[in-house]
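Asks: My questions are about this predicted structure, shown below with the sequence.
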Amino acid sequence: MTRAALGVVPLACALLLPAAAAGADSRADYMLHCQGCHGPAGAGMAGAVPSFRGQLGLFLGVEGGREYLVRVPGTSQSELSDARIAALLNWMLGEFSPAEVPAGAAPYTEEEVARVRRPPLVDVVEVRRRLVEAIASAPRKD
């Protein structure tokens with residue numbers, strides 16, 4: 001390879017990497033940003049990391065639950081853009097908890113994530129505990 005060609009390869013890589021990252025899909029974002037703790041199937045780890053399976057959509061049915069999903073530190077403090085977070089949350093709801101999403105629930109939007117994302121939750125455990133109590137006491141729609 002010529003010296004000139006060697007200089008072009010790193011430049012081409014530098015130009016292509018941002019484009020590839022911008023086109024990453026939600027499944028890849030989940031794998032890179034969530035799967036490490038919540039696992040490939042969204043099952044979490046009992047007593048340590050909450051499961052998404054059959055649970056995530058329930059948060060949309062109680063006051064504050066929708067915002068909670070955006071404000072948890074793993075979401076709000078990620079380097080993902082607001083648009084990618086919205087897409088990721090929508091993908092996760094459809095992938096792990098579609099039956100629990102309330103009828104008529106609007107998908108997350110970039111604008112909503114931008115408005116709600118900051119500040120991140122400080123006491124995640126307490127907020128989650130209150131939301132889980134609200135979910136448990138909410139009337140069932142069987």
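Replies: Great, that's in hand.
Asks: what number of residues lie near residue 120?
Replies: Residues near residue 120, counting by other C-beta atoms under 10 Å, number 14. Every C-beta, even on glycine, is put in place using the N, C-alpha and C of the backbone.
Asks: distance of the residue positioned nearest the centre of the chain from residue 133?
Replies: The centre of the chain sits closest to residue 89, judged by C-alpha atoms, centre = their mean, with a distance of 4.2 Å. Residue 89 is 22 Å from residue 133, where distance means C-beta to C-beta, to the nearest Å.
Asks: Low-confidence stretches in the protein?
Replies: 1-24, 141-142 (pLDDT under 70).
Asks: what about the strands in it?
Replies: In the chain, no strands are defined using DSSP state E.
Asks: Show me where it has its helices.
Replies: 3-22, 26-33, 35-38, 65-71, 73-76, 82-96, 110-116, 124-137 (DSSP state H).
Asks: Other residues contacting the third one?
Replies: The set of residues that contact helix 35-38 without belonging to it, under C-beta atoms under 8 Å, 6 or more residues apart in numbering, is 44, 45, 49, 50, 51, 52, 74.
Asks: Count the neighbours of the second one for me.
Replies: As a burial measure, residue 45 scores 11 neighbours (other C-beta under 10 Å).
Asks: Please name the bridge partners of it.
Replies: With DSSP bridges as the criterion, residue 45 is bridged to residue 49.
Asks: And it, how far from residue 37?
Replies: 8 Å.
Asks: for the last one, same thing?
Replies: Using C-beta to C-beta, residue 74 is found at 7 Å from residue 37.
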